[in-house]
Structures are given as structure tokens and as C-alpha cells.
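Student: How does the following fold in three dimensions:
(2 chains)
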Amino acid sequence: MTTPVTPAAPGQVAGPIGVTAPAPGGALPPAAGLPTRGGSISGARAMRRMARAVTSNRKATVGTVLLAFFCLLAAFPQVIAHDNPNAEIYKRFLGVSSRHLFGTTALGQDMFAQVVWGTRPVLLIAFGVGLGATVIAMLVGVAAAYLGGVWDGVLNVITDVLLVIPLFPLLIIIGSYLHGAGTQVMIIVITLTGWSYTARQLRSQALSLRSRDFLEAARVRGERSLYIIVVEIIPTMTSLLVASFLTNALYAVLFSSGLQFIGLGNPNVTSWGTMLYWAENNEAFQVAPLWIIAPGLCIVALGAAFALINYAFDEIGNPALRPLKRTRVKRRG
Amino acid sequence: MRFVLRRVGFFVLTLWIALTLNFFLPRMMPGNPALAVIGKIKGGVSPQALKVLEAQFGVSTHQSIMAQYGRYLADVATFKFGTSLSTEPGASVGRIVLNAIPWTLGLVGITTILAFILGTGIGIVGAWRRGGWLDSLMPPVFVVMSVVPYFWLGLVLILYVGVKLKLLPYFFSFDYTLTPSFTPAFIGNVIEHAILPAFTLLITTIGTWILTMRNNMITTLAEDYVRMARAKGLSSRRIMLDYAARNAVLPNLTGFAMSLGFVLGGAILIEEVFNYQGVGWLLLQAVGNNDYPLMQALFLLITVAVLVAILIADMATAILDPRTRGAQ
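Tutor: Alright, predicted model coming up:
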């Protein structure tokens, strides 16, 4: 419900499987039209379309650059920040200076180092949950649609129930029983509770495919169910799967930061959410506003990266949503 | 009729699963977390309350787990939620929760309705004037706004509007020195305290309404009946509101009914940041104090609110939009 672009989802699907102009220069083998290869080729074509989309859509470019920036911070924090983020070695609440770009905390830690080192756990949670939830959703959604009957009924009810139980309160309850959830626990808990929305989408996509000719052809050829699901059905869902990854990663960032902010994360892991937790509990309002501003802006920027890329893919899949002016310019050129 | 039965059946099933989660979660966690709490508070509560608590979490009872489970379900069915361990030791959980509900309903409920009305209106106008400044500005701005964690926005507003400029109060729902009463002065004070949290919620939630409404409108504007209305030479105001918006708003109405269900549990962090003594604030107090009976009751309340809203939304859609009835 919180995804701003839900109604566009069916349009998105049309991307890789619909009638699209073949990529210029992409020498598709003549077998492209044959049902046997249809699935995998539309997958590859989708990937190429995505690469082109990132460079041609401004929202996608901004999002990708932001995401790449944070990946660099997460991969090489020691290169960018020289201090140990947890070392309490400086005076409390030092102001901004060339030695301490963001000043120091109430405990005398270098705040810039904390922000830089805090990137890694957040990104791990985002990617972990994004991948995990997408895989579970894919298995559940496709299995429900393809197997049908009792399986569909049972999987559907599980999905629906998980969909309506309020997630954040549930996470708070689980978090309170766990007493300080570290990065891995966060990933597991958010993944296990958060996959249902995507599963619903993937199921309806798989259902709409069920009577397509290329699947019928595979069945007539005598392929096994597993082969049909993995080779024929899943590649046609590439753009939905990407959207699922991005949405789940975004919610993982927001949920985990919220949980850490109220003290349900492991307070000894340096991450943006725990920084906000310590800031609120140490009179940051009066003395060190940057302690609140800096980690929050990072959460916004990372979240915006995921959201912008996602929205850009929606625009690509559903041309009606594109800004009008751009389309006109394109037509002229 | 079958449709109604199915939805009610789903309601009951989900409620049962939420209850089961409530019961089994503390028992599934590494080391029964209730044990530690009971050890800590042993001297603080009456032996009777302690016994109830032990029964509730399966500590030192001889009952089998299934018997405990049956008893828990029976307790909930008769609205017995036990006694709170933290706020006022020994106070009934039910009463504490009832005191918190009106504050959340007032703050988050009114803000949710405002956000829906404003957001839908802006979405309609934006989609109608495709390519106008509003339309080209909206998507990027609100895509970014929708990822701003609202608790952080609350912190920033406290920082600048509350602490630096001292324009508005940002702590609690009214001034401590006043006694609650229905005088204009007190009500004014309550409203003043609600402005910052309400504003925070409004600008972080309105984007979703604007974007979905805009996208629905764009899809609807391409329909034949809209073209037909244009061909008939109707005024654009009439086409925009009576033809396009009326149909485009349908999916959003369901979303709106659902969001009313999320009122109780949807702004937990806002209440925490502004120390606003509603349901969410209470939940976090309970979490902070390991007050498990209070916690469980609140989670149940929040879940039931959502389930009821979904049930109503389903029924409303079935009544408003005949097409959905057959689709099941």
C-alpha cells in the first residue's frame, strides 16, 4: 500500500515480455522467436534495457550514482574516515573542524567516522532483505500460481495474513523479545515478515502467464515443472523482481533505522539508526544538531536512491507516467 | 453473500493467527524473556498479580502448553488482558490502553483524513494539468519525501522550530501545568501541541496519496468515456471531477479505509519523538519496561483495528464498484 506506484505494476510487466524494439546492435540469434529460448532471451534483453534506462532517465541516473556512492562508503570506510568510529578519545561535543568534519559526540567519538562506518550495516540490511524477501516472494508466488489447487489456497492465505498484520508493531514486539538485534538478526526478521506484498504481485503475474502459448509448448515438450518455473516463467518477471528488490531494500532501510532509533537494535553496532538513538538520549538538540542531521540525511539519500531507481523503472514500463516534455523532445530528435 | 462470508472468515483466521503469535512469540525466543522480568519484579507486585503473570507466560505452571494456550484464548475472548507491570504497577492493562486511544485517534486520525483529502485534490489537479509546473515538480519531490523517515523529520522540526526558534511546544500533548478540562484555553493548548507532530505526519504521508491519485487519473483520462465527455463539449471542470476523478478515486478509497485502520499503530515513532501519550508511545514504554502484558494487548489492539478497517474497505469497494464483486 505504501508503494506510491502500485497501480502501475501491471504496466511494468509489459516491459520485457511485451513487443519491444530489439536493442540496436544486439544481435539476437534467429531462435529468438522460438518458445524454447524465449524466456532466457527476454531476461537478457531486460538487463540490456535496464542498462540503457539508467543512462537515459534522469531519475535513474541520480539514484544509481547515490547508490554507488554509498556502496563505496560501505566497502572502504577506512580509506575515507581515519578514526575508529567507537573510540572515545576526543573531547565531548567538539565543533566542526578540519580534524572533525562533523564534530564529536557526547562520548567523544568522531562523528564523521561514525557516519561513514555506519553505512555498511545499513547497506548489508538493505541488500540482505532485498534479496531474501525477493527470493521467498518468488518461490511462494510462482509456486502458488503454478501448482494451483490446495497449494495455491494455503500459500495465498499465508501471504494475505502476513500482508495485513501491521509490520512495524510486529517488528517492535519481536525486537523487544530479542534484546538488541544485530545486523544478521535484523535481516532475518525483516525478511521473514516482509515478503508478502511482492509474493502477491508475482503470483498474479505468474497467473497471467499460465495460459500463454510458450508455457503450453514447454508442457507439451514434456518439461518438468521445475524447469518450466525456473527457465520459462521466472525470466519473464525480471522487471518485477528488480522492483521487488528495490522496494524491499527501501523498507529494510526505513524499518531497521526506526528499530535502531528506539533502541531495539544492537546499540554497539555503529549505524545511522543507532546514531540517532544515542543523539536523542544525549541532548544533541541543544549542543550537536549535526548528530541528528547527518545520519538522517544519509537515510534519506539512500532511501531516495532506491525509490528513484524504482520510480524510473515504472516510468520505463508504463510510458503514460513519463514527464510529457521529455517525450516530445525525443520524438523530434 | 459468499463474498461477505469469505471476508469474515479471513478476518477470524487472521485474528487467530495474531493471537497465536502473541502467545507463542515470547515462548519461542531464546530463553523465555518473561522469566527475567518476573525475577526482577518479584518484590514489586502483589503475589496474586505475580501468579497471573506467571500463568500468562508459562512460568512455573504445571499446565501443558496447549492448556495454557486455550486459557490465553479464553482470557482474550473475555477481555482479560492482565495487569500492567510498569506504568502503575497493578493497574489493569485495559484501562491504561483505553486512556491512550483518544489521543492517538485525535492526532493521527485527523491528520490521516487531512492528508487523504489534500493529497487526492493535489493529485487530481496535477494530472489534469499534465506538463504544468505542479505536475512536473510533484513526482521527484514526493518520491523523495516518501522516503524521509518521519521520526527523523520530527527530530529536525523539534530542533529548528521547537528548540532554536521556540515557536511551538514539542513535548507531551498539553502543558503540564494545566488541568485537563473543556475550556477554550485548554483546547487551544492541546491544538498547539498537536501542530508539530501533525505537520510531520502530514508531509510524510501526503506524497503517497498525491502520486497514486495522479497515476490513477492519468490512466483514467485515457479512457473512452472521458474522450466521449470531451466530445460532448462538457466543461472541463465537470469532466475532471465527475468523469475522471470519480472513477480514479475508487482504488484510493480502499487505501484510505485501510489507512484509517493503521491510525492506531502507524505513528508509533511520531508519538515517541514528541512524547505524545498515545497508543504508540504506550507501546514503546511497555517495550522499554519489558511490560509484556501491556505490549501484547497493544499489539492485539493495533492488529484488530487494521483488520476491521480492511473488512470495511472490502465491503465498501464491493458496494461502490460492482465490477469487483464478480472478480473474486
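
Student: gap between B:Leu196 and A:Thr247?
Tutor: Separation of B:Leu196 from A:Thr247 (Cβ to Cβ, to the nearest Å) stands at 30 Å. (Glycine included, C-beta is placed from N, CA and C.)

Student: what helix or strand is whichever residue of chain A sits closest to chain B on?
Tutor: Closest to chain B within chain A is A:Gly303: 3.2 Å, counting by Cβ to the nearest Cβ. In this structure, A:Gly303 is located in helix A:289-317 according to DSSP states H and E.

Student: So which bits of that helix are buried?
Tutor: Across helix A:289-317, burial judged by 16 or more other Cβ atoms under 10 Å in any protein chain shown covers A:289-300, A:302-317.

Student: For that helix, what does the pLDDT average out to?
Tutor: Confidence over helix A:289-317 (mean pLDDT, whole number) is 89.

Student: now swap in stretch A:133-140 and tell me
Tutor: On average, stretch A:133-140 scores 93.

Student: before we move on, back to that, leaving out the residues flanking it, which one is nearest to the residue of chain A closest to chain B?
Tutor: B:Val147 (3.2 Å; Cβ to Cβ, 6 or more residues apart in numbering or on different chains).

Student: and the gap between the one you found and A:Thr191?
Tutor: In this view, B:Val147 and A:Thr191 are 20 Å apart by Cβ to Cβ.

Student: What of B:Arg71?
Tutor: The spacing between B:Arg71 and A:Thr191, counted by Cβ to Cβ, is 33 Å.

Student: and what of A:Val116?
Tutor: According to Cβ to Cβ, A:Val116 and A:Thr191 sit 26 Å apart.

Student: In terms of neighbours, single out the busier of the two.
Tutor: Higher neighbour count among A:Val116 and A:Thr191: A:Val116, with 25 against 22, using other Cβ atoms under 10 Å in any protein chain shown.

Student: can you tell me the helix or strand for that one?
Tutor: In this assignment (DSSP H and E), A:Val116 forms part of helix A:111-147.

Student: in that helix, what counts as buried?
Tutor: Result for helix A:111-147 [16+ other Cβ under 10 Å]: buried residues A:111-134, A:136-146.

Student: Next: stretch B:71-78.
Tutor: For stretch B:71-78, by 16+ other Cβ under 10 Å, it's B:Arg71, B:Tyr72, B:Val76.

Student: is chain A contacted by it?
Tutor: No: using Cβ under 8 Å from any Cβ of the partner chain, stretch B:71-78 never reaches chain A; the gap is at least 15.4 Å.

Student: quick one: that stretch to chain centroid distance?
Tutor: 25 Å (Cα atoms, centre = their mean, to the nearest Å).

Student: Now do the contacts for the residue in chain B that chain A sits nearest to.
Tutor: Closest approach between chain B and chain A, counting by Cβ to the nearest Cβ: B:Val147, at 3.2 Å. The contact partners of B:Val147, by Cβ atoms under 8 Å, 6 or more residues apart in numbering or on different chains, come to A:Leu250, A:Leu254, A:Val300, A:Gly303, A:Ala304, A:Phe306, A:Ala307.

Student: any idea whether it is helix, strand or coil?
Tutor: What DSSP: H, G, I helix; E, B strand; the rest coil gives for B:Val147 is coil.

Student: Show me the strands in the stretch 151-300 of chain A, by range?
Tutor: Remark: strands of the stretch 151-300 of chain A are absent; assignment by DSSP state E, counting those that start in this stretch.
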